[in-house]
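Visitor: sequence and predicted structure, then a few things I'm wondering about:
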Amino acid sequence: MTDEQIQAVAATAKPYSLVLLHWGPNRTMDGANAIELEHQRRMVSLRADGIIAVLCPVASDTVAGVAIMTVSVDEATKLIAEDPCVQAGMLIPEVHLCHGFPGDTIPG
């Protein structure tokens, strides 16, 4: 690619919010399975509403998942703070501004 082509692609980048969910100290607390089910229900609902563009659970002892949200960092922070697993201390969120390219997808 030429420098001009790279600059043209870079100019299409849009702001998104990157949410990293780390396992918290209450991951295995009593009732964790029911709380996690509510978390999953909520995340899938936010995805269906277009608020979460990409949702990726992570198989790790430290990171639980990653989401790319179509809302501002402030709104993403507010939404994720309302998550049942976050409120229970099962997950610890980290929210960052990121940039992505409209139309990018995860291969099917």
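Guide: Cool, got the structure. Numbering: from 1, shown residues only.
Visitor: pick out the residue closest to the middle of the chain.
Guide: In the chain, the centroid-proximal residue (C-alpha atoms, centre = their mean) is residue 67; its distance is 1.8 Å.
Visitor: ranges for the strands of this structure?
Guide: 14-23, 52-57, 63-69, 91-100 (DSSP state E).
Visitor: so for the longest helix seen in the chain, mean pLDDT?
Guide: For the chain, the longest helix by residue count, based on DSSP state H, is helix 32-48. Averaged over helix 32-48, pLDDT sits at 97.
Visitor: what's the answer for stretch 99-108, then?
Guide: So the average pLDDT for stretch 99-108 ends up being 89.
Visitor: off-centre distance for that stretch?
Guide: Put simply, stretch 99-108 sits 14 Å off its chain's centre (C-alpha atoms, centre = their mean, to the nearest Å).
Visitor: span of it from start to end?
Guide: End-to-end distance of stretch 99-108 (C-alpha to C-alpha, to the nearest Å): 22 Å.
Visitor: who's in contact with that stretch?
Guide: 9, 12-16, 53-54, 68 (C-beta atoms under 8 Å, 6 or more residues apart in numbering). (Each C-beta comes from the backbone N, C-alpha and C, glycine too.)
Visitor: now stretch 68-84: buried residues?
Guide: With burial defined by 16 or more other C-beta atoms under 10 Å, the residues of stretch 68-84 counted as buried are 68-71, 73, 76-77, 79-80, 83-84.
Visitor: quick one: end-to-end length of it, please.
Guide: 19 Å.
Visitor: state the mean pLDDT of that stretch.
Guide: Averaged over stretch 68-84, pLDDT sits at 98.
Visitor: for stretch 12-22, same thing?
Guide: Here the average pLDDT along stretch 12-22 is 96.
Visitor: mind listing the residues bridging to the residue nearest to the centre of the chain?
Guide: residue 19, residue 55 (DSSP bridges).
Visitor: residue 82 versus that one, what's the distance?
Guide: Per C-beta to C-beta, to the nearest Å, residue 67 is found 14 Å from residue 82.
Visitor: could you do residue 42 as well?
Guide: Taking C-beta to C-beta, one finds residue 42 at 8 Å from residue 82.
Visitor: ditto for residue 9
Guide: From residue 9 over to residue 82 the distance is 35 Å, taken as C-beta to C-beta.
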